[in-house]
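K.L.:
whatever this is, show me its structure:
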Amino acid sequence: MRIAVVGGGPGGLYFAALAKQLNPSHEITVWERNAADDTFGFGVVFSDETLGAIENADPVIYHRMARHFARWDDIDVHYRDTVHTAGGQGFAAMSRKVLLQILQERAFELGIDVQFSTAAPDVDELRRSHDLVLAADGLNSAVRTRYADTFAPSLDARRSKYMWLGTDKVFEAFKFYVAETPHGVMQIHGYPYGNDGSTFIVEMHEDVWERAGFAAHADHTFAPGESDEKSIDIVRDLFADVLGDHRILSNNSRWINFTTVRNERWHDGNVVILGDAAHTAHFSIGSGTKLAMEDALALAACLHENPTVESALTAYEAERKPVVVSVQRAAQASLEWFENIDQYVGQDPRQFAFNIMTRSRRITYDNLKLRDQEFVADADTWFAADGPTCPPMFQPFTLGSLELNNRILVSSMDMYSAVDGVPGDFHLVHLGSKAMGGPAVVMTEMVCVSPAGRITPGCTGLYTAEQEQSWTRIVDFVHERSSAKIGVQLGHSGRKGSTKLMWDGIDTPLDDGNWDVVSASPLPYSDKNQTPTELDATSMAAIEAEFVHATEAAARAGFDILELHCAHGYLLSSFLSPLSNTRQDEFGGSPENRLRFPLRVFDAVRAAWPADRPMSVRISATDWADGGNDVDDAVAIAAAFAQRGVDVVNVSSGQVVSTEKPQYGRSYQTPFADRIRNEVGTKYGTAVIAVGAISSHDDVNSVLLAGRADLVAIGRSHLYDPQWTLHAAAEQGYVGPGAVWPAQFAAGNRKPPTGRTDGPPPRLSLVRDGISGTRHARWTPRPSVPA
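P.N.:
Numbers count the residues shown, from 1 in each chain. Presented below is the predicted three-dimensional model:
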């Protein structure tokens with residue numbers, strides 16, 4: 001094959017070297033517009049996994065790289081005059097300049113034509129004259145731009161500013177320096193890359209950057225390779241305590257807004273993109289060089305394994321894209337964490353250190369415990385305050401005047417199994433079994449305040465004496481047979497009512513037996529749903545009265561908690577969203593006006609609900625649709641309810657409009673809960689519940705210990721395992737008041753053995769290996785090795 005490589009960075013050179021080794025008859029030309037000794041940046045970091053792949057693919061390159069590695073295991077978090085160290089991480093870094101020298105040398109040895117200081121020919125010409133054109137031309141890829149209609153790129157420029165610098169101070173480990181300056185929070189990401197220097201990245205939100213005066217210096221036309229020396233002088237002064245007598249090193253160092261690059265497709269005919277041209281991931285979770293070299297390895301292998309270029313490129317994209325998407329998801333979480341770092345600076349240093357370590361959700365409580373048990377134990381001890389140390393999910397919590405024995409709720413889940421709104425034996429078994437499974441609270445499904453307020457004919461209600469009597473039976477069972485509390489969720493379906501049971505067609509209108517639906521505005525949920533009647537003053541007052549009546553019935557039935565459902569596009573939610581509320585009166589328009597009716601109902605319910613019992617409100621933190629509410633609106637909504645005295649905010653999302661485009665993923669709604677807890681909860685003393693795709697006790701413990709929520713609601717996992725909480729206790733070896741087994745089930749409180757297990761192994765060595773523990777290796781400079 002004739003192969004053209006546009007871009008002579010690590011990704012392009014590494015691909016060329018691997019492809020040439022797999023088939024020496026390939027004719028490969030690399031064009032690089034910069035000189036051979038030009039390089040930008042300082043160090044690059046590799047994971048052990050990536051290094052293993054590099055070693056297997058080309059031992060020559062690996063061993064030359066290994067001679068220059070700085071290796072260490074620790075991450076130090078410097079925050080408020082404290083240093084907390086998490087060990088067992090495993091890093092290797094090296095100079096980017098040395099890496100390029102090694103790859104260039106390897107390319108020359110293999111007979112690859114590398115043309116430096118030379119722009120590549122026009123890509124249309126290359127694709128005609130070559131079998132394959134690889135675009136490894138970076139973030140601002142000209143090839144990607146040329147074929148944008150096919151690649152369908154999206155470039156998301158973020159809100160923080162950063163500058164890539166170096167220092168001649170050699171750090172011993174990866175360093176996070178978090179500084180609370182007069183201008184706001186700034187942070188340093190630093191790590192050693194050899195004997196003589198470290199990478200030193202300074203980052204801050206652009207608002208902080210403006211207040212610090214950097215904008216005045218950045219508003220300048222810089223010559224190629226020129227650095228923003230005036231800004232660097234300010235950075236040097238701001239971080240003088242970190243640098244001491246050491247210098248800051250610059251190399252084309254200017255302020256940048258990080259841009260996340262994504263592409264729908266990675267190839268167009270015989271043209272394929274790789275590395276930053278195809279994707280970027282925030283530097284806080286790893287290096288773009290690492291990803292580019294992984295791309296190169298996969299592409300070279302796919303070309304070797306497949307009979308045609310098209311099948312090879314299809315295989316490459318299918319193999320690498322899911323990996324990159326996963327990395328980008330973690331990088332996005334990390335990026336957003338640093339964008340919002342100011343909301344965490346009130347945390348205790350031990351919690352802050354755990355939070356920063358788990359920010360991407362790739363490292364979790366259990367994973368971190370495996371790496372550094374002492375680090376997690378220190379955080380657990382802080383979280384326990386004066387009580388006994390245990391996994392965070394089993395720590396008690398006080399909600400209003402209600403004492404909860406752990407942090408787990410069974411989330412509200414509609415069962416569509418009532419008759420005329422009356423919960424029956426199914427609901428007794430469903431809620432009773434979940435309560436006996438060990439949660440602190442079991443929540444009912446949405447209990448409707450009127451026949452017209454039901455979603456489906458199978459929805460439960462609290463508007464008749466028979467319904468109240470049946471709910472009382474269920475509440476009494478939960479109280480008598482478990483340690484759990486039970487909460488009722490009250491709501492009105494609004495424009496999403498009069499539909500079929502979920503398994504007959506969710507949100508599909510009834511074939512017969514329809515009832516009229518109402519909403520904030522006469523806008524149907526979808527083109528197949530009824531057009532609702534816009535509520536007027538009289539009907540709003542009537543619905544408010546229905547909520548009060550249901551609240552009084554819930555109190556008599558003995559429920560411990562009442563939650564007002566203001567999420568998921570139901571009636572009260574429809575007032576909150578500008579996509580479903582287009583009213584022109586005092587209940588529409590501004591966010592304050594759209595809050596008016598939901599707050600009025602809340603006030604009425606709060607007045608009717610016993611003062612010693614807590615109230616919750618469930619909200620959708622985003623509509624997942626253009627023009628709808630987003631997390632900024634959710635913070636304001638949560639604050640409005642907090643000011644009215646709500647005890648806890650249950651943070652969900654979406655289901656407001658049928659055209660939504662949610663971004664599902666593990667714990668995908670937790671960032672919304674995190675922000676509301678740290679902006680609203682800490683200010684008003686309001687608790688926050690995280691919910692949504694949280695299914696493991698590992699994730700629950702991570703969420704709680706990092707301060708992202710006070711409580712966690714688990715839904716579908718409780719359908720899979722009604723004893724989810726008790727089994728989580730058994731799996732973690734926890735026995736205590738946070739996991740109360742019913743006396744009848746107590747004999748099963750240990751995890752049973754599964755399958756065959758080998759007995760203890762015999763001694764096979766005369767001298768035992770050292771006792772394993774946390775690796776805390778630090779980087780210490782060693783004698784220099786020639787490149």
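
K.L.:
host element of Asp504?
P.N.:
Under the criterion of DSSP states H and E, Asp504 resides in helix 502-505.

K.L.:
phi, psi of Leu51?
P.N.:
Dihedral pair for Leu51: phi -60, psi -40, per degrees, to the nearest 10.

K.L.:
who's in contact with the residue nearest to it when sequence neighbours are not counted?
P.N.:
Ranked by CB to CB, 6 or more residues apart in numbering and with sequence neighbours excluded, the top spatial neighbour of Leu51 is Ala92, at 6.0 Å. (Glycine included, C-beta is placed from N, CA and C.) By CB atoms under 8 Å, 6 or more residues apart in numbering, Ala92 lies in contact with Val45, Phe46, Asp48, Leu51, Phe69, Ala70, Arg71.

K.L.:
Pro396 reaches Asp386, doesn't it?
P.N.:
No. With contacts counted by CB atoms under 8 Å, Pro396 stays clear of Asp386, the gap being 11.7 Å.

K.L.:
just the pLDDT at the residue nearest to Leu51, thanks.
P.N.:
With respect to pLDDT, Ala92 scores 94.

K.L.:
tell me the secondary structure for it?
P.N.:
At Ala92 the chain is in strand, as set by DSSP: H, G, I helix; E, B strand; the rest coil.

K.L.:
sorry, back to before: right, and the pair among the contacts of Ala92 with maximum separation?
P.N.:
Asp48 and Ala70 (14.1 Å; CB to CB).

K.L.:
the more surrounded of the two?
P.N.:
Ala70 (25 against 12; other CB atoms under 10 Å).

K.L.:
was I right to think that one contacts Ser95?
P.N.:
No. At 9.2 Å, Ala70 does not count as touching Ser95 under the criterion of CB under 8 Å.

K.L.:
picking up where we left off before, of the contacts of Ala92 - the most surrounded one?
P.N.:
Among these, the one with the most neighbours (other CB under 10 Å) is Ala70, at 25 neighbours.

K.L.:
any idea how far that one lies from Leu726?
P.N.:
Taking CB to CB, to the nearest Å as the measure, Ala70 falls 47 Å from Leu726.

K.L.:
likewise Lys528?
P.N.:
For Lys528, the distance to Leu726 - CB to CB - is 43 Å.

K.L.:
again with Ile234
P.N.:
With distances taken as CB to CB, Ile234 is found 56 Å from Leu726.

K.L.:
more crowded one of these two?
P.N.:
Ranked by neighbour count (other CB under 10 Å), Ile234 and Leu726 place Leu726 first, with 22 against 15.

K.L.:
how close does the more buried one sit to Arg407?
P.N.:
Leu726 sits 14 Å away from Arg407, taking CB to CB as the criterion.

K.L.:
now Arg361
P.N.:
Plainly put, Arg361 is 18 Å away from Arg407 if you go by CB to CB.

K.L.:
compare the two and say which is more crowded by neighbours.
P.N.:
Neighbour totals were compared for Arg361 and Arg407, and Arg407 leads with 28 against 22 (other CB under 10 Å).

K.L.:
my guess is that one contacts Ala440. True?
P.N.:
Yes. Applying CB under 8 Å, one finds Arg407 in contact with Ala440, separated by 6.6 Å.

K.L.:
joint contacts of those two?
P.N.:
Common contact partners of Arg407 and Ala440 (CB under 8 Å, 6+ apart): Phe397, Leu711.

K.L.:
residue contacts, Lys496?
P.N.:
Neighbouring residues of Lys496 by CB under 8 Å, 6+ apart: Ile455, Asp507, Val517, Tyr525, Asn529, His568, Gly569, Tyr570.

K.L.:
list the buried residues in whichever strand or helix holds Thr398.
P.N.:
Using DSSP H and E, Thr398 sits within strand 397-399. Neighbour-count burial for strand 397-399, counted by 16 or more other CB atoms under 10 Å, picks out Phe397, Leu399.

K.L.:
direction included, what does it pair against?
P.N.:
If you go by DSSP bridges, strand 397-399 pairs up with strand 402-404 (antiparallel).

K.L.:
and the contacts of the helix or strand following the strand it pairs with?
P.N.:
As assigned by DSSP H and E, the chain's next helix or strand after strand 402-404 is strand 408-410. Strand 408-410 is contacted from outside by 393, 431, 434-435, 437-443, 487, 689, 700, 711-715, 718, 724-725, using CB under 8 Å, 6+ apart.

K.L.:
stretch 719-727 too?
P.N.:
Here stretch 719-727 makes contact (CB under 8 Å, 6+ apart) with 393, 406, 408, 413, 433-434, 436-439, 714, 717-718, 739, 741, 745, 749, 751.

K.L.:
how about the helices in the stretch 601-750 of the chain?
P.N.:
Taking DSSP state H, counting those that start in this stretch as the test, the helices found in the stretch 601-750 of the chain are 631-643, 670-676, 682-684, 697-705, 716-720, 724-731.

K.L.:
looking at the contacts of Ala92, which are in strands?
P.N.:
With DSSP state E as the criterion, strands contain Val45, Phe46, Ala70, Arg71 from among the contacts of Ala92.

K.L.:
ok, back up a step: mutual contacts of Ala70 and Ser95, please.
P.N.:
In terms of CB under 8 Å, 6+ apart, Ala70 and Ser95 are both contacted by the residues Gly43, Tyr193, Gly194.

K.L.:
what average pLDDT does the one helix or strand Leu103 maps to get?
P.N.:
For Leu103, the element it lies in under DSSP H and E is helix 96-109. Across helix 96-109, pLDDT averages out at 96.

K.L.:
what about that helix, distance to the chain center?
P.N.:
Relative to the chain's own centre, helix 96-109 is displaced by 37 Å; criterion: CA atoms, centre = their mean, to the nearest Å.

K.L.:
apart from its neighbours in sequence, what residue is nearest Ser574?
P.N.:
Closest residue in space to Ser574, ignoring its immediate chain neighbours: Ser580 at 4.1 Å, by CB to CB, 6+ apart.

K.L.:
I am finished for the moment; much appreciated.
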